[in-house]
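**Q** I would like to see how this sequence folds:
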Amino acid sequence: MVVQRWGVRWPIHVVLGAFMVERATGRIVDLPGPPHYAPSGARFLSLSVCGDNCSNRIDIWSVDDGVAKLEWRYRIKERTEKAFTYEFVEWEGNEQIKLRILPEIEAPGDLPGKVGDKSRSILASLTRTEQIWTLDPQLPQ
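**A** Numbers count the residues shown, from 1 in each chain. Here you go, the predicted model:
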């Protein structure tokens, strides 16, 4: 396992982030959120869960001899009219990840960044084929 320790960062505006410390090098790497490990432990997914409070971010890291290597990164460049967030569901094997895309609650009085109900969610998957990760469906960037 690459992560000797990981922790959570809470900036003043309460956006959740995480970090890892590589066992082999001591390098500290910022992550979008807590790690979700593949069944083999050779990869992990990290994604932000913050809705409208920050950009949606997804990283996939591979692990080799205690050192993490970024394999794939997805960033939303601009906010769309309707905010959404990604939620980790599960790894299916070591090369496919199930995600849920959740819309934000739009009712008056809701807190910014509060995620909507799962009945309005869209299922998505990240699949690795020939060393390339593909997100389907991809929401507008």
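**Q** quick one: Leu102 and Asn56 touch, right?
**A** No. In this structure Leu102 lies outside contact range of Asn56 using C-beta atoms under 8 Å: 10.5 Å. Heads up, the C-betas are built off the backbone N, CA and C, glycines and all.
**Q** hey, what's in contact with both of those two?
**A** Residues touching both Leu102 and Asn56 by C-beta atoms under 8 Å, 6 or more residues apart in numbering: Phe84, Thr85, Tyr86.
**Q** Now the helix or strand where the second one lies: buried residues?
**A** What it means is Thr85. Under the criterion of DSSP states H and E, Thr85 resides in strand 84-91. The neighbour-count check on strand 84-91 (16 or more other C-beta atoms under 10 Å) flags Phe84, Thr85, Tyr86, Glu87, Phe88, Trp91 as buried.
**Q** Out of those, the closest to Ile28 would be?
**A** The closest of the buried residues of strand 84-91 to Ile28 turns out to be Phe88 (C-beta to C-beta; 22.6 Å).
**Q** List the contacts of the closest residue in space to the closest one that isn't next to it in sequence.
**A** Counting by C-beta to C-beta, 6 or more residues apart in numbering, His36 is the residue found nearest to Phe88 once chain neighbours are left out, at 4.9 Å. Taking C-beta under 8 Å, 6+ apart as the contact definition, His36 lies against Phe44, Leu45, Ser46, Leu47, Phe88, Trp91, Ile97.
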